[in-house]
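Participant: Return a 3D structure for these sequence lines:
(chains A and B)
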Protein chains: 2
Amino acid sequence: MAAGPVWSVDPRTGKQREQVAVEATAQEVDTVVRAAHAARGALADRTVRAAFLRSAAAALEAARGGLVETADAETALGPTRLSGELARTVYQLRAFAGIVDEGAFLDVVIDHPDDTATPPVPDLRRYKVPLGVVAVYSASNFPFAFSVAGGDTASALAAGCPVVVKAHPDHPALSELVAKVLRRAAAEHGVPEGVVGLVHGFEAGVELIRHPLVAAAGFTGSVRGGRALFDAAAARPVPIPFHGELGSLNPVLVTEAAVAERAEEIGAGLAGSMTLGVGQFCVKPGLVLVPSGAAGDRLVKSLTDAVSDTEAGVLLDHRMRDDFVAGVAGRTRLPGVDSPVTPGAGGEHTVSAGFLTLPADRLTEEGAYDLLLEECFGPVTVVARYADDAEARAVLGRLPGNLTATVQLSSEEAAGQGRGAEILAELTPLAGRVLVNGWPTGVAVAPAQHHGGPYPATTSTSTSVGGTAIERWLRPVAYQNAPQALLPPELRDDNPLGLPRRFNGALER
Amino acid sequence: MAAGPVWSVDPRTGKQREQVAVEATAQEVDTVVRAAHAARGALADRTVRAAFLRSAAAALEAARGGLVETADAETALGPTRLSGELARTVYQLRAFAGIVDEGAFLDVVIDHPDDTATPPVPDLRRYKVPLGVVAVYSASNFPFAFSVAGGDTASALAAGCPVVVKAHPDHPALSELVAKVLRRAAAEHGVPEGVVGLVHGFEAGVELIRHPLVAAAGFTGSVRGGRALFDAAAARPVPIPFHGELGSLNPVLVTEAAVAERAEEIGAGLAGSMTLGVGQFCVKPGLVLVPSGAAGDRLVKSLTDAVSDTEAGVLLDHRMRDDFVAGVAGRTRLPGVDSPVTPGAGGEHTVSAGFLTLPADRLTEEGAYDLLLEECFGPVTVVARYADDAEARAVLGRLPGNLTATVQLSSEEAAGQGRGAEILAELTPLAGRVLVNGWPTGVAVAPAQHHGGPYPATTSTSTSVGGTAIERWLRPVAYQNAPQALLPPELRDDNPLGLPRRFNGALER
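Facilitator: Predicted coordinates for the structure are as follows:
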């Protein structure tokens, strides 16, 4: 098929800014993937990988001004947010450099021969090796942190895997700029520039997932797009791991005691979280279970006040704006659904925040109200008023998988009096991150982070944020009776690299 | 559909021994899965899990006589091999009990708040929780170690997951006996007997993978059967992880120097490995690259002598015997393929071992000879004679993924002179276990073991043998700002259970 032009568009006006590139043909995708594959040897040395990641971080920082300006022009996310996101991206690259240095991710396990085992154990030494070229599908809503130099790329490079990024059409100019920064950083360390490939175009993304030299994929986006690519990855002659982050409702449960204690505070906190970044976060709280009764009414009042004060905002693109307006309309139309602050079209290019309420019992059985259990991207949330704990539990029991689940507890419940621990246990099956008295927006980059959850939150059990994200791009290999002289240094008895490992059963640090 | 009878069959005669059960209907599968799901709470306590696994081990040992007798009657694998396999199974159950006690598999990571991070880090605590009910598809060729009480079941129970086993039709009577032993062991510790479900029948296996309450699956078997189930797992509304071990050629490379040094020893070793258990091992060496020339001829002579002396054996069932005879015939028919010892039908119910030879250059390009790059289950291997290193490498470059890859090196090469380390690096992309101067048959149960490999060896990057097999049945969950009083003991600062963990970035043991 003909390769179409790739335009950078200003979402504040809907106007084309410039033509950035053309969509990649199948042959171009092949060339880019082969170049990435050819670069894998240069990543084999962990010292080089760590240095490359640090140079990339420094170079992104140095280029901050131009990058943020371009990002803002394409996404309307604003310089403050985008500067913060770039800082986060830089921090993340450095964090992965540290992870490469430490080497715990190699999961070194060494067993000396043991004739007393059944059957006897030979000399066995296991560690993890990179899978190969990783396809990275960028997110619309995080032009830095989940795109060309984002968590998938950083963790893949840290693992020793070259990447080919499918740019998101919402920020193609930024994608080109960031890719150039990464490539220059690679070249500084003798790594071929092909180690970070970049392609544009929907068809190119489909070609990419099918390419025989692509060994794994990371994705952040919609349920529909992610599932299509997941299906394509599974249907390959050689299926590959597909780590997709697709969609999440991020339920919040407010207990009776919590709302009695601080209805206003919770209402205001919720307003801040659901409208942050014009509601364009995968961890936006999309369903909030609030007790019926006077205290719950105060929460709704506080939410109403705060959301009414929120200015209209620009969504990432006009298709997203149309989907938001249509999604809100479909939900508002359901009998029994009220909209104390009506979300929707705010102007020619903007949308206004709002929220819906309904009795929670509408959600306890399959039916038309299931629409409210689906993510609606943008500044809207659904407040379901529950009569008692059983009703709240019944709604939670119907939810698909989530990235997060949150509970608002009273001080006494948080101190261990009441059902707090029990509620935590009940929320655990629903999500990959469970929060107490906080809000799910804001995903820290930390060793203990888990940004993933039961399907459709993610298509695998892995995380796309935090130290363990590196695990997605590795596979173990064991060497049996290999002489010390032939072993990679990581697996030698004398541990010349000082790696943490399990040695004859015992954990060594 | 009507539920057919399930017969136990004697492969030595092809005669039905007894009717063991009937095939499970969809409704019966549902009942069994629901019973398993209901039992998951009883596995939440790790102390209970470890005690249950140890009781199961002891009970299997106590029942050894009857179990081995039944297994032999159904599989013809012989009491010696079966006794050894039962001992291995018992050892494995105890090893997983030890793994449960230690708790390293929980992967506990704790981060205290850090305002200096970008963005700031809240209190985050991550560990792993069980996925839910695991479907286990038993193997034909390991009635103990990869069946009802095998590695998938042991690792799943250790992880806290109930199992529903699809019995293999080659040993239904044994499957029933072993399931009973496991259930009695469960009951001793207050765990409902439904924690180990058992179903018979092809259709039941299909129902099982589609059941909404099944959260993951383990499989050992053929590429065709495994791929069909993998596809079904991926096509579910909620896809689930499918850890299948499907097929492997297990290539062996014999270097010029090695064959010059010990042609006869290698030939005899190969004969032993490829005929072990009538060639019915997933790690049977199925393709051996031997230098052309006189030393290589001596290897072939030694192999000829040893294989000629091998007695005819009984395969696990008559369908397998038919497939073996047909598979050998199709391969022998190819021009240029010789059979120094012709494998095939050995008697009415037996097969005889043999091997094929051909010039390696036939295998370097796609074509009719690709049949020789597919696994042929039973006592046959292919010896490809190569002219030089480049030719050997060209053949290796065409292989699909494998469980194992082996190199036979000379003493000097093993000591680090020559291409030994380079060859190890070349074999690593091909397989999950790389052996030096050994044979791939025999898979030790050890922390460093990796029994898996690139597709079609396995459908995931995990292992089905060794300590890390437990990882397949877990997913991480992180708790954010959860008060100490509400946290599970595994995640508390004071570490009351003494678990190994990563605490504020540092590894603690």
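Participant: CA atoms for contacts and neighbours, from now on please.
Facilitator: Fine.
Participant: Surely A:L334 forms part of a helix?
Facilitator: No: per DSSP: H, G, I helix; E, B strand; the rest coil, A:L334 lies outside any helix segment and is coil.
Participant: Pull up the pairing partners for the helix or strand of chain A with the lowest mean pLDDT, direction included.
Facilitator: The weakest-scoring helix or strand in chain A, judged by mean pLDDT, DSSP states H and E, is strand A:344-345 (a mean of 90). With DSSP bridges as the test, strand A:344-345 is paired with strand A:350-352 (antiparallel).
Participant: and the partner strand, what's its mean pLDDT?
Facilitator: Mean pLDDT, strand A:350-352: 96.
Participant: before we move on, what about stretch A:327-335?
Facilitator: 97.
Participant: Give me the buried positions along that stretch.
Facilitator: Within stretch A:327-335, the residues scored as buried using 16 or more other CA atoms under 10 Å in any protein chain shown are A:327-328, A:331-332.
Participant: now, which of the residues you listed sits nearest chain B?
Facilitator: Relative to chain B, the closest of the buried residues of stretch A:327-335 is A:G327; by CA to the nearest CA it sits at 22.2 Å.
Participant: gap between the closest residue to A:R398 other than its chain neighbours and chain B?
Facilitator: Once flanking residues are discounted, A:R398 sits nearest to A:T364: 7.0 Å by CA to CA, 6 or more residues apart in numbering or on different chains. Per CA to the nearest CA, to the nearest Å, A:T364 is found 19 Å from chain B.
Participant: Off-centre distance for stretch A:359-368?
Facilitator: 29 Å (CA atoms, centre = their mean, to the nearest Å).
Participant: can you tell me which residues contact the residue nearest to A:R398?
Facilitator: By CA atoms under 8 Å, 6 or more residues apart in numbering or on different chains, A:T364 lies in contact with A:391, A:394-395, A:398.
Participant: So which of these wins on neighbours?
Facilitator: A:V395 (20 neighbours; other CA atoms under 10 Å in any protein chain shown).
Participant: Secondary structure element holding that one?
Facilitator: helix A:389-396 (DSSP states H and E).
Participant: Name the surrounding residues that touch that helix.
Facilitator: A:251, A:253, A:289, A:360-361, A:363-364, A:386, A:430.
Participant: What's the local residue count around the closest residue to A:G354 other than its chain neighbours?
Facilitator: Excluding the flanking residues, the one nearest A:G354 by CA to CA, 6+ apart is A:P343, at 3.9 Å. For A:P343, the neighbour count with other CA under 10 Å is 25.
Participant: now A:P343: how far from A:G313?
Facilitator: 11 Å (CA to CA, to the nearest Å).
Participant: ok, and does stretch A:266-275 reach over to chain B?
Facilitator: No: Stretch A:266-275 lies out of reach of chain B by CA under 8 Å from any CA of the partner chain, never closer than 15.6 Å.
Participant: Could you give the average pLDDT over that stretch?
Facilitator: 98.
Participant: now swap in stretch A:192-211 and tell me
Facilitator: Average pLDDT, stretch A:192-211: 98.
Participant: and what of stretch A:291-301?
Facilitator: Rounded mean pLDDT across stretch A:291-301 is 98.
Participant: For that stretch, C-alpha coordinates in CSV please.
Facilitator: Extracted in CSV, the C-alpha atoms of stretch A:291-301 (Å, rounded to 0.1, in the frame of the first residue of the first chain):
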residue,chain,number,x,y,z
PRO,A,291,-22.0,5.2,50.9
SER,A,292,-25.5,6.5,50.4
GLY,A,293,-26.7,8.9,53.1
ALA,A,294,-25.8,12.3,54.4
ALA,A,295,-22.0,11.9,54.7
GLY,A,296,-21.8,10.5,51.2
ASP,A,297,-23.9,13.5,50.0
ARG,A,298,-21.3,15.8,51.5
LEU,A,299,-18.6,14.0,49.5
VAL,A,300,-20.6,14.5,46.3
LYS,A,301,-21.1,18.1,47.2
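Participant: residues making contact with it?
Facilitator: A:254-256, A:259-260, A:263-267, A:290, A:385-388.
Participant: Contact partners for the residue nearest to A:G354?
Facilitator: Here A:P343 is in contact with A:325, A:328, A:351-355, A:379-380 (criterion: CA under 8 Å, 6+ apart).
Participant: one more time with 7 Å
Facilitator: Contacts for A:P343 (CA atoms under 7 Å, 6 or more residues apart in numbering or on different chains) come out as A:328, A:352-355, A:380.
Participant: Name the member of these that has the highest neighbour count.
Facilitator: Ranking these using other CA under 10 Å puts A:V380 first, with 31 neighbours.
Participant: in the sheet, who's paired with that residue?
Facilitator: Where A:V380 sits in a bridge, its partners, by DSSP bridges, are A:G354.
Participant: That one contacts A:F355, doesn't it?
Facilitator: Yes: taking contacts as CA atoms under 7 Å, A:V380 lies within contact range of A:F355: 5.0 Å.
Participant: tell me how far the ends of stretch A:139-148 are from each other?
Facilitator: First residue to last in stretch A:139-148 (CA to CA) measures 9 Å.
Participant: taking the mean pLDDT, what do you get for that stretch?
Facilitator: 97.
Participant: buried subset of the contacts of stretch A:291-301?
Facilitator: A:254-256, A:259-260, A:263-264, A:266-267, A:290, A:385-386.
Participant: mind listing which of the residues you listed are in helices?
Facilitator: Secondary structure assignment by DSSP state H places A:256, A:259-260, A:263-264, A:266-267 of the buried ones among the contacts of stretch A:291-301 in helices.
Participant: picking up where we left off before, need the per-residue pLDDT for the residue nearest to A:G354.
Facilitator: pLDDT for A:P343: 95.
Participant: State the distance from the nearest residue to A:E102 once chain neighbours are set aside to A:G201.
Facilitator: Excluding the flanking residues, the one nearest A:E102 by CA to CA, 6+ apart is A:L499, at 6.9 Å. According to CA to CA, A:L499 stands 42 Å off from A:G201.
Participant: do A:V328 as well
Facilitator: Taking CA to CA, one finds A:V328 at 29 Å from A:G201.
Participant: Break chain A into its domains for me.
Facilitator: Domain segmentation of chain A under automatic domain parsing yields A:25-246+A:461-473, A:251-436.
Participant: Could you tell me how far the shortest one lies from the centre of the chain?
Facilitator: Here domain A:251-436 is found 20 Å from its chain centre; the criterion is CA atoms, centre = their mean.
Participant: which stretches of chain A form helices?
Facilitator: Using DSSP H, helices in chain A cover A:26-38, A:46-62, A:64-75, A:79-102, A:151-159, A:172-188, A:202-210, A:223-235, A:256-275, A:294-308, A:318-332, A:389-396, A:411-414, A:420-427.
Participant: want to try JSON lines for the ones you listed, with distance to B:L174 as columns?
Facilitator: Rendered in JSON lines, the data for the helices of chain A read as follows (distance: least, CA to CA, whole Å):
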{"stretch": "helix A:26-38", "distance to B:L174": "49"}
{"stretch": "helix A:46-62", "distance to B:L174": "50"}
{"stretch": "helix A:64-75", "distance to B:L174": "63"}
{"stretch": "helix A:79-102", "distance to B:L174": "48"}
{"stretch": "helix A:151-159", "distance to B:L174": "44"}
{"stretch": "helix A:172-188", "distance to B:L174": "59"}
{"stretch": "helix A:202-210", "distance to B:L174": "43"}
{"stretch": "helix A:223-235", "distance to B:L174": "35"}
{"stretch": "helix A:256-275", "distance to B:L174": "55"}
{"stretch": "helix A:294-308", "distance to B:L174": "60"}
{"stretch": "helix A:318-332", "distance to B:L174": "56"}
{"stretch": "helix A:389-396", "distance to B:L174": "42"}
{"stretch": "helix A:411-414", "distance to B:L174": "52"}
{"stretch": "helix A:420-427", "distance to B:L174": "38"}
